[in-house]
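Participant: Starting from these lines, generate the structure:
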Amino acid sequence: MKIPIIFLGTGQAIPTAKRNHTSILLSYKSENILVDCGEGTQRQFRKLALNPCRLTKLLITHWHGDHILGIPGLLQTLALNRYNRKLEIYGPRGTEFFIKKILEMFVFQEKIKYEIKEISSGKFLDNKDFYLEALPMKHGAPCLAYSFVEKEKIRINKKKLEKLKLKGKIIGELAKGKDIIWQGKKILTNKIIYKQPGKKITFIFDTAINPNAYLIAKDSDLLICESTFLANSDNGKKLAEEYKHLTAENAADIAKKARVKRLILSHLSQRYENQENLILQEAKKIFKNTEVAHDLYKIEI
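Facilitator: All right, here's what the predicted structure looks like:
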């Protein structure tokens with residue numbers, strides 16, 4: 001199945017007329033997972049006629065303002081709209097403290113149910129369809145990169161089923177990996193059943209280049225990665241090192257060495273407003289299958 005992803009915000013610390021603060025929505029079956037919630041995220045939902053009450057999980061990469069200032073308003077909107085789920089909130093060390101501070105900032109007319117889990121490293125959620133994992137990054141605050149990993153699916157070759165005229169419980173036995181006897185013939189399960197690999201989507205935001213970035217991105221079908229600076233102009237490499245961010249060159253290097261299939265760059269500095277082509281050119285010299293995201297960009301993988 002296709003996995004929809006919407007870039008609600010693609011800017012850096014200071015929003016621009018074109019780029020909102022960082023926020024990305026990934027949908028999968030009944031799950032709607034929001035990665036970061038920068039200021040203005042609610043309005044981006046409105047522009048696309050998305051219902052925030054369908055959110056199930058919030059993944060916070062770190063607690064710098066441009067990644068979390070939309071949370072207070074989002075929680076209030078959910079409460080006013082009688083959000084009837086329990087919002088699962090995941091983030092690095094300090095997340096529980098900061099969420100409680102947010103709830104103390106003003107008077108909420110209503111409340112919602114939520115559960116906070118602080119993550120350090122590794123797999124932190126695992127169900128029958130997918131799992132979520134995280135690794136620590138190198139930034140000015142505790143910071144995580146996340147991967148959504150769809151599990152492989154058992155599929156049946158329908159054309160072969162029709163040809164053999166198989167039906168009923170027999171198909172169920174094949175799906176369990178059992179060979180069967182059908183009309184006097186032995187049917188091998190590996191001739192009918194095949195495994196469809198799951199998809200892996202990785203989110204890397206706000207970090208200096210570090211070994212964990214390559215590890216978390218390994219073999220991703222899609223890497224969504226910050227590209228705050230250009231390495232080869234405006235002292236970009238020096239600024240990236242100073243502020244612990246990535247350049248377009250860094251992001252492309254991660255994609256190439258981690259054997260990623262597709263790279264989408266986001267979290268662009270305001271200094272490159274209307275110069276996104278420079279970011280793209282720098283990255284493509286290293287990793288050709290690269291795009292630069294824009295606000296409200298929708299894709300399916």
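Participant: looking at this structure, which helix or strand does the model trust least?
Facilitator: helix 169-175 (a mean of 66; mean pLDDT, DSSP states H and E).
Participant: Now the most centrally placed residue in the chain: which helix or strand?
Facilitator: In the chain, the centroid-proximal residue (C-alpha atoms, centre = their mean) is Phe203; its distance is 4.9 Å. Secondary structure assigned from DSSP states H and E places Phe203 in strand 200-204.
Participant: And the helix or strand following that strand, what's buried?
Facilitator: Per DSSP H and E, the first helix or strand lying C-terminal to strand 200-204 is helix 211-217. By neighbour count on 16 or more other C-beta atoms under 10 Å, the buried set for helix 211-217 is Asn212, Ala213, Tyr214, Ile216, Ala217. The way it works is simple: take the backbone N, C-alpha and C, and place the C-beta from them, glycine included.
Participant: mind putting those residues in TSV, distance to Leu59 and pLDDT included?
Facilitator: TSV is the format used below for the buried residues of helix 211-217 (distance: C-beta to C-beta, whole Å; pLDDT from 0 to 100):
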residue	distance to Leu59	pLDDT
Asn212	16	98
Ala213	17	98
Tyr214	20	98
Ile216	13	98
Ala217	16	98
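Participant: So the protein: which segments form each domain?
Facilitator: With automatic domain parsing serving as the domain definition, the record reports that the chain contains domains spanning 4-152+199-300, 154-194.
Participant: rank those domains by mean pLDDT and give me the bottom one.
Facilitator: Taking the average pLDDT of each of those, the minimum falls on domain 154-194, with a mean of 70.
Participant: can you give me the end-to-end distance of that domain?
Facilitator: For domain 154-194, the first and last residues are 6 Å from each other (C-alpha to C-alpha, to the nearest Å).
Participant: repeat for stretch 218-226
Facilitator: The separation between the terminal residues of stretch 218-226, taken as C-alpha to C-alpha, is 16 Å.
Participant: cool, stretch 228-245 as well?
Facilitator: With C-alpha to C-alpha as the measure, stretch 228-245 spans 6 Å from end to end.
Participant: now do stretch 293-301
Facilitator: In terms of C-alpha to C-alpha, the two terminal residues of stretch 293-301 are separated by 15 Å.
Participant: same thing with stretch 194-201?
Facilitator: Criterion C-alpha to C-alpha; first-to-last residue distance in stretch 194-201 is 23 Å.
Participant: Could you do stretch 292-301 as well?
Facilitator: Start-to-end, stretch 292-301 (C-alpha to C-alpha) is 16 Å.
Participant: can you check stretch 183-194 too?
Facilitator: With C-alpha to C-alpha as the measure, stretch 183-194 spans 22 Å from end to end.
Participant: quick check, distance from that stretch to the centre of its chain.
Facilitator: Stretch 183-194 sits 39 Å away from the centroid of its parent chain (C-alpha atoms, centre = their mean, to the nearest Å).
Participant: How about stretch 65-80?
Facilitator: Stretch 65-80 has its C-alpha centroid displaced from the chain centroid by 19 Å (C-alpha atoms, centre = their mean).
Participant: What are the buried residues along that stretch?
Facilitator: The neighbour-count check on stretch 65-80 (16+ other C-beta under 10 Å) flags 66-78 as buried.
Participant: is the residue nearest to the centre of the chain in a bridge, and if so with what?
Facilitator: With DSSP bridges as the criterion, the beta-bridge partners of Phe203 are Tyr146, Ile224.
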